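Peer 1: I'll drop the sequence and a predicted model, then ask my questions.
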Amino acid sequence: MPVPFPSFPLETDRLLLRPPLAQDFDAWARFQADPVVTRHLGGVQDRSTAWRTFCTQGGAWALYGFGMFTVIEKASGNCIGRLGPWRPEGWPGTEVGWGLLLEAQGKGYAVEGATAAIDFAFAYLGWEEVIHCIAPENLASQKVAQALGSANRGPGQLPGPLADKPIEIWGQTQAQWRARRAALA
């Protein structure tokens, strides 16, 4: 059974994770406009479409009590992306996903932030497993999933309008996560 929510932001060694605020929109729009960053995340969005997807995240928090966190780099105070629990209608499972601005990639932030988000999903949302929907050619995200202890469970399918995008489902159960965390401690 889930326990009462923590206060936000969640804090890791180098990151702050919190629900999105209106002041985060410019960083979100920059993220959504980058063709490299969004290649495996549905593609580039113009500013008005990015506003609607940004508001979807805020709405998910307001209506369901979870959604992607805004990721703040402590050292700079900059918003560097979004990651966290996500389960839209028709989704193939309870996902913890990630997406970071290009300049924040390759620094271990995705693993660091996703670890906190998975802990949050199991402790506060009561999820029994987490998945990661990853394009077969997205080797960087596959490495993040592996670093988190997730295994490739095979092909999956997203709901429309992303149903034509091939994905693989990576994941693990709460018991697997807790056993791995205990072994590392």
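Peer 2: Happy to help now that I have it.
Peer 1: how far off centre is stretch 44-51?
Peer 2: 19 Å (Cα atoms, centre = their mean, to the nearest Å).
Peer 1: can you give the contact residues for it?
Peer 2: 25, 28-29, 31-35, 38, 53 (Cβ atoms under 8 Å, 6 or more residues apart in numbering). Quick note: C-beta positions are derived from backbone N, CA and C, even for glycine.
Peer 1: quick one: buried residues of it?
Peer 2: 45, 50 (16 or more other Cβ atoms under 10 Å).
Peer 1: go on, stretch 96-115?
Peer 2: 96-101, 104-105, 109-110, 112-115.
Peer 1: ok, now stretch 88-97?
Peer 2: Buried residues in stretch 88-97 (16+ other Cβ under 10 Å): 92-97.
Peer 1: hmm, which two among these are most spread apart?
Peer 2: Pro92 and Val96 (13.2 Å; Cβ to Cβ).
Peer 1: show me where this structure has its helices.
Peer 2: Taking DSSP state H, the helices of the chain run over residues 25-33, 47-64, 109-124, 139-147, 174-184.
Peer 1: kind regards, and thank you for your time.
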